[in-house]
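1. predicted model, plus sequence, below.
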Amino acid sequence: MITISDLTKVYRARGRDVTALDGVSLHVEPGEVHGVIGRSGAGKSTLIRCVNQLERPTSGTVTVEGRDLTALAGKGNRAGRPLRRARGGIGMIFQHFNLLSSRTAQGNVELPLEIQGLGRRERARKALELLDLVGLADRARAHPAQLSGGQKQRVGIARALAGDPKVLLSDEATSALDPETTGSVLRLLRDLNRQLGLTVLLITHEMDVVKTVCDSASLMEDGRLTESGRVDDLLATPGSRLAHALFPLGAADRGPDRTVVDLTFHGEAAGAPVISRLARVHGLDVSIVGATVETVGTRQIGRMRIELPGPAEKNAAPLAFLRDQGLTVELPGEEPR
Ligand SMILES: Nc1ncnc2c1ncn2[C@@H]1O[C@H](COP(=O)(O)OP(=O)(O)OP(=O)(O)O)[C@@H](O)[C@H]1O
């Protein structure tokens, strides 16, 4: 479990202040995968680095597994013993893997076990067990240069699990990988999350990552979380920018003779023949101009753009009908209703 309360981080660079985090609060439930998405410079890396105190926040608190890390002394590599111990319970994986090229896959996974003070035999046993868990049992003796990007990230994940963490932080872990490898690494993260009950906080700029593995997500802009919630709830929120970014339908081609309507199907509505009912009950010619269906977690979510004949004020009854069917109804380009 991770609780972040009113976190701020101000960097002082060349005589001026840069506010990287501006009052961030976030709660990630035990066993949940939470994704923070945002553009470059939004403050995502700073946020994740403040969680394990690689970066000291200017103010606010970070509690991991019930422990207030901000109250523990030390900074960066100079962390005191209590903070070092607390960090041992937080695994972290990185965009560029951060493996030691001089060590084998096994040697890289053994590194944190050495720091923990485990004996040689115990280290080897545990490292091989972890490599097996990430599907790399047969590559234990390979050096990073002999491994593909996806394999390197698997080693990174095995290393992150060495301290038996309850929490895993992921800093753009799939950004350097091709789409297929990204998919397999994300599936691995999802499996580990379920198998080990890991709480995962990941940062990404890729919407696909959020769609594929996240239970909940936040949108980060200019050091603030401007939207936050369960992915399926966000999708059901009219006007949610995260929902639009997750399932883009593009710019609407509006006109006085038609009403453009964006619909989000979730829950039971996803399986119901709502459009044909609408056409039948209201005697309308409905045009479907765009649609996308995705699986978010285990649920099917669909978005569809339709056009109804006539302006919006003439279509109050069909729009009410669509809402009654449990759909989220938005008129693109107009204020959310
Ligand atoms: N050590 C630092 N000193 C000064 N400013 C910094 C430092 N680290 C980050 N910043 C600034 O803080 C802001 C947030 O940066 P951060 O790296 O957290 O964003 P990000 O969303 O992770 O972006 P990216 O995806 O490009 O890494 C930026 O304006 C950045 O320039």
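-> All right, it came through fine.

2. for Gly74, give me the pLDDT.
-> pLDDT, Gly74: 64.

3. could you pull up the residues touching Phe321?
-> Arg277, Leu278, Val281, His282 (C-beta atoms under 8 Å, 6 or more residues apart in numbering). Where you see a C-beta, it was placed from the backbone N, CA and C, and this is true even at glycine.

4. switch to 10 Å and redo it
-> Val274, Arg277, Leu278, Val281, His282, Leu284, Asn315, Leu327, Val329 (C-beta atoms under 10 Å, 6 or more residues apart in numbering).

5. same question for Pro318.
-> 259, 261, 278-279, 281-284, 286, 306, 308-310, 329.

6. go through these and name the one nearest the ligand.
-> Val329 (33.0 Å; C-beta to the nearest ligand atom).

7. which residues of this protein score low on pLDDT?
-> Scanning the chain with the threshold set as pLDDT under 70 gives 73-78, 267-271, 296-298, 334-337.

8. and the strands in it?
-> 2-13, 16-28, 33-38, 59-64, 67-68, 90-94, 167-171, 199-204, 216-221, 224-230, 258-265, 287-296, 299-309, 328-330 (DSSP state E).

9. what strands flank the third one, and is each parallel or antiparallel?
-> Put plainly, it is strand 33-38. Strand pairing for strand 33-38, using DSSP bridges, gives strand 199-204 (parallel), strand 216-221 (parallel).

10. restricting to C-alpha, output it in PDB.
-> C-alpha atoms of strand 33-38 as PDB (Å, rounded to 0.1, in the frame of the first residue of the first chain):
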ATOM      1  CA  VAL A  33      -1.500  -1.600 -10.300                       C
ATOM      2  CA  HIS A  34      -1.700   2.200 -10.600                       C
ATOM      3  CA  GLY A  35      -0.400   4.000 -13.600                       C
ATOM      4  CA  VAL A  36       0.600   7.700 -13.700                       C
ATOM      5  CA  ILE A  37       0.600   9.000 -17.200                       C
ATOM      6  CA  GLY A  38       1.800  12.400 -18.400                       C
END
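
11. close to the ligand, is it?
-> Yes - Strand 33-38 lies within reach of the ligand by C-beta under 6 Å from any ligand atom, at Gly38.

12. now that strand, how far from the centre of its chain.
-> Chain-centre distance of strand 33-38: 3 Å, with C-alpha atoms, centre = their mean, to the nearest Å.

13. swap in the longest one?
-> Here strand 16-28 shows a centroid-to-chain-centroid distance of 18 Å under the convention C-alpha atoms, centre = their mean.

14. rewinding a little: in CSV, list the strands of the chain along with mean neighbour count.
-> Compiled in CSV, the strands of the chain are given as follows (neighbours: other C-beta atoms under 10 Å):
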stretch, mean neighbour count
strand 2-13, 17
strand 16-28, 17
strand 33-38, 24
strand 59-64, 18
strand 67-68, 14
strand 90-94, 23
strand 167-171, 23
strand 199-204, 25
strand 216-221, 23
strand 224-230, 17
strand 258-265, 22
strand 287-296, 14
strand 299-309, 19
strand 328-330, 22
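
15. let's have the strands paired with strand 33-38 in CSV, adding distance to the ligand.
-> What follows is the strands paired with strand 33-38, written out as CSV (distance: least, C-beta to the nearest ligand atom, whole Å):
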stretch, distance to the ligand
strand 199-204, 7
strand 216-221, 7
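
16. could the ones you listed go into JSON lines alongside distance to Glu172?
-> As requested, the strands paired with strand 33-38 are exported to JSON lines (distance: least, C-beta to C-beta, whole Å):
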{"stretch": "strand 199-204", "distance to Glu172": "6"}
{"stretch": "strand 216-221", "distance to Glu172": "13"}
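
17. can you pull the contacts of whichever residue of the stretch 201-337 of the chain sits closest to the ligand?
-> In the stretch 201-337 of the chain, the residue that lies nearest the ligand is His205 (6.1 Å; C-beta to the nearest ligand atom). Neighbouring residues of His205 by C-beta under 10 Å, 6+ apart: Val36, Ile37, Gly38, Arg39, Ser40, Ala42, Lys44, Glu172, Ser175, Met220.

18. would you reformat those residues as TSV and include distance to Val185?
-> Below are the contacts of His205 laid out as TSV (distance: C-beta to C-beta, whole Å):
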residue	distance to Val185
Val36	18
Ile37	17
Gly38	21
Arg39	23
Ser40	21
Ala42	23
Lys44	18
Glu172	12
Ser175	11
Met220	22
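
19. closest one to Ala245 out of those, please.
-> Ile37 (7.6 Å; C-beta to C-beta).

20. how about the longest helix seen in the chain, which residues are buried there?
-> Of all the elements of type helix in the chain, the one with the most residues (DSSP state H) is helix 179-196. Buried residues in helix 179-196, counted by 16 or more other C-beta atoms under 10 Å: Thr181, Thr182, Gly183, Val185, Leu186, Leu188, Leu189, Arg190, Leu192, Asn193.

21. how about JSON lines for the residues you listed, with distance to Ala160 added?
-> Formatted as JSON lines, those follow (distance: C-beta to C-beta, whole Å):
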{"residue": "Thr181", "distance to Ala160": "18"}
{"residue": "Thr182", "distance to Ala160": "17"}
{"residue": "Gly183", "distance to Ala160": "19"}
{"residue": "Val185", "distance to Ala160": "12"}
{"residue": "Leu186", "distance to Ala160": "15"}
{"residue": "Leu188", "distance to Ala160": "12"}
{"residue": "Leu189", "distance to Ala160": "10"}
{"residue": "Arg190", "distance to Ala160": "15"}
{"residue": "Leu192", "distance to Ala160": "10"}
{"residue": "Asn193", "distance to Ala160": "13"}
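
22. okay then, goodbye and thanks.
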